[in-house]
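*Asks:* Build me a model from this:
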Amino acid sequence: MACNDRQLTEAQRQAGYDQQRTGVVRAIRPFSGPQTLENLIDYVNRELCPAVRTTRDKTNEVFKQVADNAPSANPLAYYFATATAAADPTVGRMRLNQAVQNTATIVRVSQSNGRQQDVTPWLDVMSGGPTTPLGVLTMVDAINPSRFLRFDLNTMTDQGAYWDLGVTIVESSDTDPFVEGEPVVIGFIAGVSAAGSTIPVAALSPIARDTFVGNIGTVTAPPSAVPLANVDSTSIVYDGTAHEFQRAALTSEVTAAQNVNALVVTRSTNFQTAPWTGNHQFNAEVRLGTLHTEASAAGALNVTLTAGATRLLISSTADVTLGSISGAADGRMLILEHNRASGTGILTVAHSTSTNFVACPDAINLQLGHRGYCVLVCRGAVWHVVGIARPDAVEDTVTLTNITGAQGVIDITDVRCGGSVNISTVTADYSIAGFTAKVDGYWFWLFDRRTSGTTVGTVLQDSGATTTSVRNPNHADLVFPAAAVGVLYYYNGRYRFLPCPDVFAREANTFTAANTFSSTVTLGASVAFAATITPTALSADQNDYTPTWWSTANLVRLSTSGGVTRTLTGAAAGASGELKWLVNLGPNVVVLDAASTSSSAANRWLHVSGTTFSIAVNGVCGILYDGTSSRWRPIYPNIII
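*Replies:* Predicted coordinates:
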């Protein structure tokens with residue numbers, strides 16, 4: 001027989017539960033009726049199950065509130081998303097950066113968990129740990145904890161609405177243990193990792209001064225704080241007998257007990273004796289000692305070194321000549337530096353083999369420019385130059401004195417680009433065959449510093465080896481008189497000479513630049529026009545004719561091709577009064593057309609014959625440029641047609 005109230009509706013039951021929530025207590029009625037299986041099942045479903053469900057729901061409501069707010073609980077529960085994009089996983093969700101879940105290196109979690117509670121305080125605590133890595137992070141299936149991913153948590157980055165957690169996989173239950181929408185709980189243990197954690201020194205508990213953490217015993221044991229003995233001394237040594245680190249003033253060699261495990265360098269260590277002989281490697285910087293400075297130096301200078309000095313800095317206000325440097329002793333090393341305090345002073349190291357002086361290479365005085373330096377090493381009470389320490393420390397000037405006769409190739413190895421070769425005194429006429437070979441683009445000044453004098457030098461044309469020779473204008477030797485100046489530049493394996501107005505050629509008296517004479521010039525012999533060019537044959541009529549080297553040529557050898565007459569309607573303008581000679585080599589006539597306007601006005605012809613005139617084969621015609629009329633005027637010889 002069934003219970004009498006078996007037919008209660010669901011609405012009636014729900015009303016009863018609502019009464020319970022408002023404080024109305026409902027008792028479970030005892031079982032009545034025949035004790036049959038049917039009645040028993042009916043009683044359980046009607047009386048016991050609703051009461052158990054109500055109790056469970058009430059318990060869950062309380063538990064969830066505690067879990068969301070209590071500091072000891074773990075609110076990092078999310079719904080898993082299979083998307084891998086580097087973006088906000090959205091509220092209540094988390095994602096990985098790899099489709100294959102156990103290869104992920106970034107875990108992205110929303111700042112709000114699955115119940116839309118802000119978990120920022122938890123994430124801040126996790127990211128503030130002192131260890132490396134921060135700890136171990138485990139992702140577990142909320143329903144089936146046997147499905148998990150475990151990572152070392154390396155970094156945490158707040159991206160605003162979500163966080164990026166940099167991780168390294170430790171282990172996993174499966175390659176891809178989670179599916180879309182699956183509830184996942186994140187667990188975190190701070191300060192541990194699969195391979196061990198590194199704790200910063202600052203995170204350790206303080207220990208007493210003059211102690212260290214270690215084991216100085218003879219057997220394996222846990223580390224402990226060990227005090228240092230003799231704390232009032234200045235140097236630390238290890239006493240192998242007492243197994244102690246000790247502080248002691250080292251004024252001489254340490255004892256055998258103190259030196260049991262290492263070689264100790266003292267102030268008196270001689271590296272030329274055992275056990276120090278051989279090569280030595282220093283794994284940190286080695287600093288030289290005392291700096292000796294000579295300020296505002298000028299003229300002759302002898303230096304008395306400060307005791308222990310390893311660097312000598314000479315600061316000049318004018319040219320300085322360095323003589324002796326006291327303190328020369330075998331093996332002593334000294335770095336010599338030059339710094340211009342003002343002006344353009346040069347430091348000259350005077351060569352000498354006397355005691356305390358400097359023996360320069362090849363017995364030639366060494367010159368150092370601004371910020372140049374070299375290394376000196378003493379041997380036999382004499383300083384020796386072992387090398388220039390900087391390429392730009394070499395001097396940018398070479399001075400030639402008391403020169404006479406053939407000078408051959410001048411050594412300018414130490415002259416920088418833009419430097420100079422100075423000729424100061426000349427005792428007789430001399431010649432220069434060339435200069436030390438350089439690289440393309442290199443150039444230097446050549447000066448004759450004399451203000452007057454009748455002796456002159458000659459820069460020879462193409463003399464000696466190609467790489468050191470000079471290619472002069474017009475392929476002629478050039479005279480270099482007193483007060484002359486010129487520029488030589490290196491190109492295509494030889495020097496090219498760019499003369500200034502005072503430079504002119506010897507022997508044939510060919511002027512190689514514009515020369516202005518303010519009085520009558522008497523020519524006692526013939527005048528030859530040496531600047532000759534032979535342009536490419538005229539294969540068509542030409543306007544504004546400008547062959548290569550036209551502006552400097554004074555003899556132009558024309559020719560034609562194609563078997564027909566060629567016409568020039570004009571040529572590039574020259575300087576007022578400039579004279580050129582046109583020679584027609586043939587095989588056809590060349591016509592100068594003054595009527596044509598095809599050339600620019602300043603480039604046209606102007607002549608008495610009207611419009612055109614022709615230069616016959618093998619004919620010669622002079623043309624003079626009239627700067628006032630801005631025209632070329634032909635000079636009519638009788639061989640013009």
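*Asks:* Run through the residues that contact Ala85.
*Replies:* Shown in contact with Ala85 (C-beta atoms under 8 Å, 6 or more residues apart in numbering): Arg95. All C-beta atoms are positioned from the backbone trio N, CA, C, and that covers glycine.
*Asks:* quick one: which helix or strand includes it?
*Replies:* Element membership for Ala85, per DSSP states H and E: none, as it lies in no helix or strand.
*Asks:* swap in Leu165?
*Replies:* Here Leu165, judged by DSSP H and E, is contained in strand 162-172.
*Asks:* in that strand, what's buried?
*Replies:* Applying a neighbour-count criterion of 16 or more other C-beta atoms under 10 Å, one finds 162-167, 169-170, 172 buried in strand 162-172.
*Asks:* Output those residues as CSV; include the columns distance to Val44 and pLDDT.
*Replies:* Output for these, formatted as CSV (distance: C-beta to C-beta, whole Å; pLDDT from 0 to 100):
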residue, distance to Val44, pLDDT
Tyr162, 47, 96
Trp163, 48, 96
Asp164, 52, 96
Leu165, 48, 96
Gly166, 53, 96
Val167, 49, 95
Ile169, 48, 94
Val170, 47, 93
Ser172, 43, 95
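*Asks:* so can I have JSON lines of these showing distance to His607?
*Replies:* Putting the buried residues of strand 162-172 into JSON lines (distance: C-beta to C-beta, whole Å) gives the following:
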{"residue": "Tyr162", "distance to His607": "93"}
{"residue": "Trp163", "distance to His607": "94"}
{"residue": "Asp164", "distance to His607": "90"}
{"residue": "Leu165", "distance to His607": "95"}
{"residue": "Gly166", "distance to His607": "91"}
{"residue": "Val167", "distance to His607": "96"}
{"residue": "Ile169", "distance to His607": "97"}
{"residue": "Val170", "distance to His607": "102"}
{"residue": "Ser172", "distance to His607": "102"}
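*Asks:* Go through these and name the one nearest Asp42.
*Replies:* Within the set of those, Ser172 lies nearest Asp42; the separation is 48.5 Å, counting by C-beta to C-beta.
*Asks:* was I right about that closest one contacting Leu149?
*Replies:* Yes. The pair Ser172 and Leu149 qualifies as a contact (C-beta atoms under 8 Å) at a distance of 4.8 Å.
*Asks:* Can you check which residues contact both of these two?
*Replies:* 101-102.
*Asks:* count of neighbours near Gly114?
*Replies:* Burial of Gly114 is recorded as 19 neighbouring residues (other C-beta atoms under 10 Å).
*Asks:* make that Pro30, sorry
*Replies:* Pro30 sits with 7 neighbouring residues when counted by other C-beta under 10 Å.
*Asks:* Please apply the same query to Thr131.
*Replies:* With other C-beta under 10 Å as criterion, Thr131 counts 16.
*Asks:* Local confidence estimate at it?
*Replies:* In the prediction, the pLDDT value recorded for Thr131 is 81.
*Asks:* Quick check, it in contact with Asn154.
*Replies:* No. With contact defined as C-beta under 8 Å, Thr131 does not count as touching Asn154 (10.6 Å).
*Asks:* and Leu40, what element?
*Replies:* Assessed by DSSP H and E, Leu40 sits inside helix 37-43.
*Asks:* And that helix, what's buried?
*Replies:* Residues of helix 37-43 classed as buried: 39, 42-43 (neighbour count, 16+ other C-beta under 10 Å).
*Asks:* Return the list of helices and strands in contact with it.
*Replies:* Packed against helix 37-43, as judged by 3 or more C-beta pairs under 8 Å, 6 or more residues apart in numbering; DSSP states H and E, are no other helices or strands.
*Asks:* Can I get that helix in CSV, CA atoms only?
*Replies:* Extracted as CSV, the C-alpha positions of helix 37-43 are listed here (Å, rounded to 0.1, in the frame of the first residue of the first chain):
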residue,chain,number,x,y,z
LEU,A,37,9.8,-2.5,-1.9
GLU,A,38,7.5,-0.3,-3.8
ASN,A,39,6.6,1.7,-0.7
LEU,A,40,10.2,1.9,0.5
ILE,A,41,11.4,3.3,-2.9
ASP,A,42,8.5,5.8,-2.9
TYR,A,43,9.4,6.9,0.6
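*Asks:* any idea of the mean pLDDT for it?
*Replies:* Averaged across helix 37-43, the pLDDT comes to 81.
*Asks:* per-residue confidence at Gln258?
*Replies:* Listed pLDDT for Gln258 reads 51.
*Asks:* Same question for the one 10 residues further on.
*Replies:* Per-residue confidence for Ser268 comes out at a pLDDT of 53.
*Asks:* Across the sheet, point out what pairs with Phe497.
*Replies:* Beta-bridge partners for Phe497, by DSSP bridges, are Leu488.
*Asks:* My read is that it contacts Tyr490, right?
*Replies:* No. With contact defined as C-beta under 8 Å, Phe497 does not count as touching Tyr490 (11.1 Å).
*Asks:* got any residues that touch both of the two?
*Replies:* Common contacts of Phe497 and Tyr490 (C-beta under 8 Å, 6+ apart): none found.
*Asks:* How about the contacts made by the nearest residue to Asn97 once chain neighbours are set aside?
*Replies:* Excluding the flanking residues, the one nearest Asn97 by C-beta to C-beta, 6 or more residues apart in numbering is Ile106, at 4.0 Å. Contacts for Ile106 (C-beta under 8 Å, 6+ apart) come out as 86, 96-97, 164-167.
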